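Asks: turn this into a model:
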Amino acid sequence: MDQFAKRKDVRVTQIVSRTSFIASHSDIQTRKIPLRTDRPLRRLLTDGLHPLFMKHPTDVWYYPKGYAPRFSLPDAPVVGTMHDVIVQHYADYYPETRSRLAFRYWISSIRRSLRQFTHVLTVSEHAAEQLKQFCDRYRIDPPKIDVTYEGSVWENYRSMRFKKRDRVVHLCSQAPHKGTRRLLALWETLQSQGRDLPQLMMIGELD
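Replies: Next up is the predicted model:
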C-alpha cells in the first residue's frame, strides 16, 4: 500500500471498517464504513456492501485478505492475495475445531472469491499448488495465479554471521497443523531413550 501511494500515476483509496487495519500514509485516501466486523451479521453486511462506499470509478480492486464481496461485485478487475486454503485442510482433518456452519461459510467464501478474482497473488509455489487443487476439487476455472514471495525484515540480516549454539528453536502454536504436540511427544520419546538432545526452545503460547 505504501509503495503504491508513493507513485504519482496511481491514486490509492482504502475502504475500512471500524475494526480494520488502516494504512496511515498521507497519500492514501480513506473511506470509512461505520460498522465493526467482529460479529457475523456485521461482517456479512460489510463484506457484501463495501463497494457501494466508493465515490468514484475504480480501475482495480485489491483484496489483501483474499475474500471478494459476497453481494456486489466491483465493475473492474479484482485482485486478491490468498496465502492458503488451510480452512479446507481443517475441515478434512480437524473438523472438531470449528462448527459446520463456520467451515461452510469460509470455504464458500474462498470458492466465491476464486471465481470472481481475475488475478491471485500468493506467497509460495506450495500455496499456488494448494489453490489449484482447491479449484480442481470444486470444479472452478482458476484465475491467473502469481507467486510473489513476501519480503521480511530478516532479509536485512542475510549477509550477517551469527554465533550459533546447540539449540533447536520451535515457533509453537495450539493450531493442530503446526505440529507442536507431535514435536513435544517425539522429544519426550527421544529423551526417554537417553538420546543426547540439544536444548529445545519454545517461542509462543502453549496450553
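Asks: show the pLDDT at L73.
Replies: On the pLDDT scale, L73 is placed at 68.
Asks: which residues of this protein score low on pLDDT?
Replies: In the predicted model of the chain, residues 53-55, 72-74 satisfy pLDDT under 70.
Asks: that one: helices as residue ranges?
Replies: 2-6, 40-49, 86-93, 100-116, 125-137, 180-192 (DSSP state H).
Asks: next, format the ones you listed as CSV and append distance to V78.
Replies: Yep, even glycine has a C-beta here, placed from its N, CA and C like the rest. Formatted as CSV, the helices of the chain follow (distance: least, CB to CB, whole Å):
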stretch, distance to V78
helix 2-6, 16
helix 40-49, 13
helix 86-93, 20
helix 100-116, 6
helix 125-137, 15
helix 180-192, 37
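Asks: of all those, which lies closest to P69?
Replies: Closest to P69 of the helices of the chain is helix 40-49 (CB to CB; 5.5 Å).
Asks: wait, doesn't Q130 sit right on M82?
Replies: No: with contact defined as CB atoms under 8 Å, Q130 and M82 do not form a contacting pair (9.0 Å).
Asks: related to what we said a few turns ago, which one of the helices of the chain lies nearest to I28?
Replies: helix 2-6 (4.9 Å).
Asks: off-centre distance for the closest one?
Replies: 21 Å (CA atoms, centre = their mean, to the nearest Å).
Asks: need the contact partners of it.
Replies: Applying CB atoms under 8 Å, 6 or more residues apart in numbering, the contact partners of helix 2-6 are V10, V12, A23, H25, D27, I28.
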